[in-house]
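[1] Sharing a model that was predicted from the sequence below.
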Amino acid sequence: MSKKRIFLVCLLLWLVVYVGSYYVLSRRGFAQSRQWNMRGFYFFTPENSKEWRRRNYFCVTVYRPLIELDCLLGTGMPAGCEPLWGLSK
């Protein structure tokens with residue numbers, strides 16, 4: 001195989017993993033958001049921890065182009081802002 005073909009195969013594989021992982025994570029988040037009547041979605045179930053913030057906002061940053069495209073196509077939701085922890089207590 002030529003270097004160009006190897007590059008194209010690797011690029012295609014990366015693209016499939018990138019779009020596929022976005023699809024799985026976002027659709028799970030959409031379902032949860034609809035259940036809770038929210039306008040935006042989270043990639044992971046919200047919890048008041050630094051780890052959740054790190055993971056969720058990492059995904060928001062990495063998947064930003066797909067989030068925007070999904071919203072432009074009318075099939076997605078925007079990413080949610082951080083919950084107001086403890087407001088309902």
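    Great, that's in hand. Since this is a predicted model, take the numbers as computed values, not measurements.
[2] what distance separates the start and the end of stretch 67-85?
    This stretch, stretch 67-85, spans 25 Å end to end (Cα to Cα, to the nearest Å).
[3] Share the number of residues neighbouring residue 78, please.
    13 (other Cβ atoms under 10 Å). For glycine as for every other residue, the C-beta is placed from the backbone atoms N, C-alpha and C.
[4] Equivalent analysis for residue 73, please.
    Using other Cβ under 10 Å, residue 73 has 8 other residues around it.
[5] for residue 42, same thing?
    Neighbours of residue 42 under the rule other Cβ under 10 Å: 26.
[6] all helices of the chain, in order?
    3-35, 50-62, 64-73 (DSSP state H).
[7] Of all those, which one is nearest residue 41?
    Residue 41 sits nearest to helix 3-35 of all those, at 3.7 Å, using Cβ to Cβ.
[8] roughly how far is that closest one from the heart of the chain?
    Taking Cα atoms, centre = their mean, to the nearest Å, one finds helix 3-35 lying 10 Å from the centre of the chain it belongs to.
[9] Can you pull out the low-pLDDT segments for this structure?
    Along the chain, segments meeting pLDDT under 70 span 88-89.
[10] rerun that using 90 as the cut-off
    For the chain, the stretches flagged by pLDDT under 90 are 1, 75-76, 81-89.
[11] Mind listing what's buried along stretch 17-29?
    Using 16 or more other Cβ atoms under 10 Å as the test for burial, stretch 17-29 gives 22, 25-26, 29.
[12] Kindly apply the preceding question to stretch 77-87 instead.
    77, 79-80.
[13] One more: stretch 48-65?
    52, 56, 59-60, 63.
[14] could you dump these to a markdown table with distance to residue 69?
    Shown next, in a markdown table, are the buried residues of stretch 48-65 (distance: Cβ to Cβ, whole Å):
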| residue | distance to residue 69 |
| --- | --- |
| 52 | 25 |
| 56 | 19 |
| 59 | 15 |
| 60 | 14 |
| 63 | 10 |
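[15] Among the residues you listed, give me the pair with the biggest separation.
    52 and 63 (16.3 Å).
[16] one step back: between the buried residues of stretch 48-65, which sits nearest residue 18?
    Closest to residue 18, out of all of these and judged by Cβ to Cβ, is residue 63, at 8.2 Å.
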